[in-house]
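In: below are the sequence and a predicted model; questions follow.
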Amino acid sequence: MPKFDYAAKAELFDYSMEAELSPTGRRNSRRPPIGYKRFARAADAIRFAIEDLPSQLLAHTCLEVDESRYADTEIRRLYESANYPLARPTGLPDDRPLTHQERCLQQTISAEGG
C-alpha cells in the first residue's frame, strides 16, 4: 500500500471553503470540549485550532471541510503548509504560555538531562 503524501493533500486543500470544528469524543481530560463551531473559511478554522485552542483540546478536535475530516496532526500540517493563506504570528507556538502539562514535561526532561 503506498504511503499517503500529506504535503500533496495540503497543496490541493481549499482554504476558502466553509469549515466546522467539533470535539472527537475521545476525551480523558477534565477540560470541557470546544463544542461545535462553524467558520466561513477553513483557513480561519485552522488558525483558531492551532493558535487559540490549548494543545489538550486540539488533540481531540476534528476539522470538517467539504465532507472530509481532519484530525489534529492533519490540521497542524495544513497550518504549516506553504499554501496556508493567512499570516502566522511570529514566535508561535514558543511565545504562548506553557500549559501545566507542558511545564511538567519540560521539568522532567531537564531533570533527566535532556
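Out: Arrived safely, thanks for sending.

In: please, where are all the helices along the protein?
Out: 6-12, 42-47, 55-58, 72-80, 100-111 (DSSP state H).

In: worst average pLDDT in these?
Out: Mean pLDDT per stretch puts helix 6-12 lowest among the helices of the chain, at a mean of 57.

In: isn't Ala59 up against Asp72?
Out: Yes: Ala59 is within contact range of Asp72, at 5.1 Å (criterion: CB atoms under 8 Å). For glycine as for every other residue, the C-beta is placed from the backbone atoms N, C-alpha and C.

In: settle it for me: which of those two has more neighbours?
Out: Taking neighbours as other CB atoms under 10 Å, Ala59 and Asp72 compare with Asp72 leading, 19 against 16.

In: what about the closest residue in space to Ala42 that isn't next to it in sequence, how many residues nearby?
Out: Distances taken as CB to CB, 6 or more residues apart in numbering put Ala19 closest to Ala42, at 3.9 Å, once the chain neighbours are dropped. Here the count is done by other CB under 10 Å, and Ala19 has 24 residues near it.
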